[in-house]
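Peer 1: Just to be clear, the model below is a prediction. Sequence and coordinates:
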Amino acid sequence: MLFTSGMTAGTLVSASPSALAGRSRRLADGLLVPVIGGLVRAAYRLRGLDLHHVPRRGGALLVCNHVSFIDALVVAAAVGRPIRFVMDHRLYHAPVLHPLMRACGVIPIASRREDPALLDRAYDRIAAHLEAGELVGIFPEGQITRHGELNPFRRGVETIVARTPVPVVPMALRGLWGSFFSRRFGPAMRGLPRRFRARVEVVAGEALAPAEASAQTLQSRVAALRGPVA
């Protein structure tokens, strides 16, 4: 059995489950972040713009448009800091993706109509991560665009910051509309990829104070950052 520096068998046995889980999460973050970054940069010419608006330390909520099935991976690769993304529970539990989702610390969520208990647990986990000084990423449209335009932002973002007041960073993805993972030509991930090494950009805007971060304001900011084409 291997131990990290300063860790003995005794300390390992005496460590609480939560402490062990925290060490496992940090180890997973340390491995996954560079791997994800490498894979995304191998497939796309990724460029980050104004990412200094994303705090290097402390909790913050990242809010982005939703263009494709790999949006979270692209944002994570650009930011380079672990992000706990909030995702639809159906995607989270997809058999092929579920192990990766768990390893990345993804937070599954459902509407109150679908599963009120899961929604409450998701809000609890989001609050816990933000209070612990982590980044949480959400796609307030709640669905991947089918037409290239923004769908209306849902008000869950307001619920999150009302409970845990943190800076809210608007972000936008550019260049993924029309990719293999988008719905521009119908169902995503059908047929063969139409392009390789396309230019993709992740742009961040100035952080909003929690009191300013309404769904409407955030949608306007994200739309301005995105520009005319996603």
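Peer 2: Arrived safely.
Peer 1: now the helices for the chain?
Peer 2: Remark: helices assigned in the chain by DSSP state H are 9-14, 17-43, 71-79, 89-92, 98-103, 116-131, 156-163, 215-226.
Peer 1: I'd like to know which elements the shortest one is packed against.
Peer 2: Looking back up the chat, that one is helix 89-92. Contacts defined by 3 or more Cβ pairs under 8 Å, 6 or more residues apart in numbering; DSSP states H and E place helix 89-92 against helix 98-103, strand 107-109. The C-beta positions use only the backbone N, C-alpha and C, and glycine is treated the same way.
Peer 1: taking the mean pLDDT, what do you get for it?
Peer 2: Helix 89-92 shows an average pLDDT of 89 in the prediction.
Peer 1: what sits against the residue lying closest to Ala122 once chain neighbours are set aside?
Peer 2: Nearest non-adjacent residue to Ala122, counting by Cβ to Cβ, 6 or more residues apart in numbering: Ile109, 4.0 Å away. Neighbouring residues of Ile109 by Cβ atoms under 8 Å, 6 or more residues apart in numbering: 86-89, 118-119, 122.
Peer 1: Quick check: beta-bridge partners of Ile109?
Peer 2: Here Ile109 sits in beta bridges with Asp88, going by DSSP bridges.
Peer 1: Next one: it from Val54, what distance?
Peer 2: Going from Ile109 to Val54 by Cβ to Cβ, to the nearest Å gives 22 Å.
Peer 1: Same check on Glu114?
Peer 2: For Glu114, the distance to Val54 (Cβ to Cβ) stands at 31 Å.
Peer 1: Between these two, which is the more surrounded one?
Peer 2: Val54 (22 against 12; other Cβ atoms under 10 Å).
Peer 1: circling back: for Asn65, which of the helices of the chain is the nearest?
Peer 2: helix 215-226 (5.4 Å; Cβ to Cβ).
Peer 1: Return that closest one as CSV; C-alpha atoms alone will do.
Peer 2: C-alpha atoms of helix 215-226 as CSV (Å, rounded to 0.1, in the frame of the first residue of the first chain):
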residue,chain,number,x,y,z
ALA,A,215,-31.5,35.3,-14.7
GLN,A,216,-32.5,38.1,-17.1
THR,A,217,-29.3,40.1,-16.5
LEU,A,218,-27.1,37.0,-16.9
GLN,A,219,-28.8,36.0,-20.1
SER,A,220,-28.1,39.5,-21.5
ARG,A,221,-24.4,39.3,-20.4
VAL,A,222,-23.9,35.8,-21.8
ALA,A,223,-25.6,36.8,-25.1
ALA,A,224,-23.3,39.8,-25.4
LEU,A,225,-20.2,37.7,-24.7
ARG,A,226,-21.3,35.0,-27.2
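Peer 1: Deepest-packed of the helices of the chain, please.
Peer 2: Using mean count of other Cβ atoms under 10 Å, the stretch among those with the largest mean neighbour count is helix 71-79, at a mean of 23.
Peer 1: Put the alpha carbons of it into CSV.
Peer 2: In CSV, the C-alpha atoms belonging to helix 71-79 read as follows (Å, rounded to 0.1, in the frame of the first residue of the first chain):
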residue,chain,number,x,y,z
ASP,A,71,-19.5,22.2,-23.1
ALA,A,72,-18.5,21.3,-19.6
LEU,A,73,-15.3,19.7,-20.8
VAL,A,74,-14.4,22.7,-23.0
VAL,A,75,-15.0,25.2,-20.1
ALA,A,76,-13.0,23.0,-17.7
ALA,A,77,-10.1,22.8,-20.1
ALA,A,78,-10.1,26.5,-20.6
VAL,A,79,-10.3,27.5,-17.0
